[in-house]
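> Structure for the following, please:
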Amino acid sequence: MLGLKSKKDTSPQKTITEISELKVTVISSVVSIIVGLLFGLVFLFIIEVIKETPDMTNPFYGFSNLMVEGFSSIRSIIKVLYKAAPLLMVGLAVGFAFKAGLFNIGATGQYTVGAFFALIAAILWQFPWWAALIVAMIAGGLWGLVPGIFKAVFNINEVITTIMLNWTALFFVNLLFYNNPGIYESRERTMNLAVANPSAILPDLGVSDSYFNIGIFIAILFAVVIFIVLERTTFGFEIKACGNNKNASVYAGIKAKRTIVYTMLISGALAGVGGGIQYLSGTVPYTVTSTTLLPMGFNGIPVALLAFSNPLGIIITSLFISYLQVGGEAMQPVYSPEMVNIITSVIIYFSAFALIVSQLIKKYMKKRLGGDEATEETDVVLDVASEEVNKISTPKTPEEGGEK
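Predicted structure coming up:
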C-alpha cells in the first residue's frame, strides 16, 4: 500500500544542524557584534554630551580609531596576534568545559597558577620556554582538577568552587612569590626574562618586534587539536553527550564522572598554557603585589560564548576581541584609559548575548522552512506520517481490533 517516504532516505540527511547551524552561529555572532559596536558608539555620544565643553566629532574620532587601528600598520597587526594568543587559550579552556555542560568560571585562577609556575620554571629552575610551558600546563590542569573532582564526586556546583579557587589562586601565588625573593625585583615585579633566562622567552622567528612570538601559533595548534578531540574521538563524543544530557549519557554507558574530571583537568591545563604564553613573552612582568584577579580569565568567557564554544570559531573571536583591545588603546588621549576599558567591555560582554540571538534566528528560520529546504524536523514529520498511513492502509487482525 501507499507509504510516504522522505526524499533523503537513501542519502546523508542534511538536517538543520548540518545545513543551518553554522549559518545561525555566524549570523547571530555578527548581529551581536554590530549591536555591541553601535551601543559603544552611543555610549561615546552620551559621555561627550555630559562634558562641560562637548565636541560631537570626538565620538566619531574615537570610534574610527577603535575600528581601524588594528589594521593600520604591521606593528598593530603583530600586537593583535600577541594579545590574541593567551586570550585564545583561555577561550578554549572555557569553551571546552562548556561542551561538557560545565561553567568554568575559574579560568582566571588556572591562568594565574599557570603563569606563576611558568615563571618559577623559567627564572628559578632555568627551564627553556617549552619546558616552562609544560610546567604551566600541568599546574593549570591540577588547579582545574580540584573543582572537577568536587563536581563529579560530591556534585558541588563548579561555579561556586571555581570562584572560590580564583581568589585562592591569587593569594596563594602572591604568597609563593613573596617566599621566593630570587624571582622578583623591588618586591613588586618579577625579574626581566631577558636577563634572568633568555632561553625561556618564546621564540620570535627572527622578527624584530617585541610583541611578536610563536605564542599565537601554539594557541592555534591547541585549538585544532581540541577541535579534533571533540569532533573525531570517542572522548569528544562523551564530553558532548554529558553536556547535552548527563543522565541520558550515564544510561547509555558513559562514565560521566570520569568525563567531568578529565574535562576540567584539560580545561585548566589550557588556561595554564595561556598564562605561560602571556608571561613567557618577555614583554610583561607579573605584578607580585596584585590584589585583583587577572582579567584575562574572564575575557575568555565572552570569547567562548561568541564562538558557541567551537574551537575553530574561538580562534576568530579571540582575534576580534584582541583587535578591539588594540583599537581601544588608539582612542587616547581623547578618552581616558578607563573609558577605553568601559567601551571595549560593553562590546565584549554584549557579544555574549549571541546565544539569545541564535535562538531567535532559529525560530525565524523554522517558520520559513519549506520546499526543498527540508530539515530534520520535516523529515521526522514525514516519517511519522508514513507510519500512520501504513497503519491505516494495512488491515488489522481481530486481535488488533480489526473486522472479524
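> use CA for all of it now, contacts and neighbours both
Fine.
> And the strands in the stretch 51-200 of the chain?
Using DSSP state E, counting those that start in this stretch, the strands of the stretch 51-200 of the chain run over 184-185, 189-190.
> I would like the residues contacting the first one, please.
In other words, strand 184-185. 177, 190-191, 288 (Cα atoms under 8 Å, 6 or more residues apart in numbering).
> What of stretch 247-255?
238, 241-242, 256.
> Same check on stretch 358-365?
With Cα under 8 Å, 6+ apart, stretch 358-365 has contacts from 24-25, 27-29.
> would you list the contacts of stretch 247-255 in TSV and tack on pLDDT, neighbour count and secondary structure?
Formatted as TSV, the contacts of stretch 247-255 follow (pLDDT from 0 to 100; neighbours: other Cα atoms under 10 Å; DSSP: H, G, I helix; E, B strand; the rest coil):
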residue	pLDDT	neighbour count	secondary structure
Glu238	92	23	helix
Ala241	90	22	helix
Cys242	90	24	helix
Ala256	89	22	helix
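> what's the most distant pair in those?
The span of the contacts of stretch 247-255, defined through Cα to Cα, is set by Ala241 and Ala256 at 9.0 Å.
> shouldn't Ala122 be in contact with Ala200?
Yes. The pair Ala122 / Ala200 is scored as a contact, 5.5 Å apart, by Cα atoms under 8 Å.
> anything in contact with each of the two?
128-129, 132, 193.
> Lowest pLDDT pick from the residues you listed?
Minimum pLDDT across these is recorded for Leu193, with 90.
> so that one makes contact with Ile123?
Yes. Under the criterion of Cα under 8 Å, Leu193 makes contact with Ile123 at 7.2 Å.
> quick one, phi psi at Ser208?
phi -80, psi 70 (degrees, to the nearest 10).
> now swap in Ile50 and tell me
Per degrees, to the nearest 10, the backbone of Ile50 is at phi -80, psi 0.
> just Thr287 next, same as before
According to degrees, to the nearest 10, Thr287 has phi -80, psi 110.
> and it, bridged to which residues?
Arg189 (DSSP bridges).
> can you count the residues close to it?
Counted with other Cα atoms under 10 Å, the neighbours of Thr287 add up to 14.
> and if you look at Ile163?
Neighbours of Ile163 using other Cα under 10 Å come to 17.
> Contact partners for it?
105-106.
> ok, it to Gly144 distance?
Going from Ile163 to Gly144 by Cα to Cα, to the nearest Å gives 12 Å.
> cool, Phe127 as well?
24 Å.
> the more surrounded of these two?
Just comparing Phe127 and Gly144: by other Cα under 10 Å the higher neighbour count belongs to Gly144, 32 against 19.
> show me the contacts for the more buried one.
Gly144 touches 106, 110, 264-269, counting by Cα under 8 Å, 6+ apart.
> Ok, Phe222 next?
Phe222 touches Met89, counting by Cα under 8 Å, 6+ apart.
> Going by secondary structure, it is in what exactly?
helix 215-232 (DSSP states H and E).
> Give the buried residues for that helix.
The neighbour-count check on helix 215-232 (16 or more other Cα atoms under 10 Å) flags 215-216, 218-220, 222-223, 226-227, 230 as buried.
> Need those in JSON lines (columns: distance to Ile361).
Shown next, in JSON lines, are the buried residues of helix 215-232 (distance: Cα to Cα, whole Å):
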{"residue": "Gly215", "distance to Ile361": "36"}
{"residue": "Ile216", "distance to Ile361": "33"}
{"residue": "Ile218", "distance to Ile361": "35"}
{"residue": "Ala219", "distance to Ile361": "31"}
{"residue": "Ile220", "distance to Ile361": "30"}
{"residue": "Phe222", "distance to Ile361": "31"}
{"residue": "Ala223", "distance to Ile361": "27"}
{"residue": "Ile226", "distance to Ile361": "28"}
{"residue": "Phe227", "distance to Ile361": "25"}
{"residue": "Leu230", "distance to Ile361": "25"}
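> Pick the one among the residues you listed closest to Leu324.
Ile216 (16.8 Å).
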